[in-house]
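**Q** sequence first, predicted coordinates after that:
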Amino acid sequence: MRSLARLIAVCLIAACGSVASAGPSPTIAGPCPITAPPTVALTPPPTVTTGPNAGMVFRAGPDSFLYGNDALVALLPRDGTLRASDPARGLAGGIKFPWWRVAHGDLSIATRRLDAPATPLRADVPGGYGDVGFQVSGLNFPSTGCWEVTGAVGRTKWTFVVNVAR
């Protein structure tokens, strides 16, 4: 019952696009409540006509889906699992992750492990992508497990849940 309540809370957070925080939340018990593809596919965001990525199209492939709101869209894996990069490449726990900013502004990212205590690592959001359209990021996870990721542009937030594996 507790994991069902947590799943409903995560779904409500994702649907509303905001995160309310009243201190540390308890860890979930049971399987990771990964964000599933919507029943109706999200329309790809509009192509940007100016800036460093003018003309770029942000679309999902057969193994991914678009998930977002009117300010921010993410490209999520259909199976809900992000696979961390090989530590031998110097990216231990890091994942290159794509976003599309529909709204103008800087992207900020927060992560939180849901199934065990963990100190989140800062996400890398490099410059040079303009203030709208495509934005790559580096999500850094100190451990595998169930993670909540929240992206924000201005005051608009968008949250999803993924399983992080090696």
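**A** Alright, I've got the coordinates.
**Q** and residue 139, how many neighbours?
**A** Counted with other CB atoms under 10 Å, the neighbours of residue 139 add up to 24. Bear in mind the C-beta positions are built from the backbone N, C-alpha and C, glycine included.
**Q** my guess is residue 32 contacts residue 115. True?
**A** Yes - here residue 32 reaches residue 115: they are 6.4 Å apart, a contact under CB atoms under 8 Å.
**Q** ok so residue 112 is a strand residue?
**A** Yes - judged by DSSP: H, G, I helix; E, B strand; the rest coil, residue 112 forms part of a strand.
**Q** what's the spacing between it and residue 146?
**A** Distance of residue 112 to residue 146, given as CB to CB, to the nearest Å: 10 Å.
**Q** comparing these two, which residue is more hemmed in?
**A** Legend: neighbour count by other CB under 10 Å for residue 112 and residue 146, higher for residue 146 (22 against 17).
**Q** so who does the more buried one touch?
**A** Neighbouring residues of residue 146 by CB atoms under 8 Å, 6 or more residues apart in numbering: 28, 32, 33, 34, 113, 114, 115, 161, 162, 163, 164.
**Q** please tell me the pLDDT value assigned to residue 46.
**A** Residue 46 carries a pLDDT value of 89.
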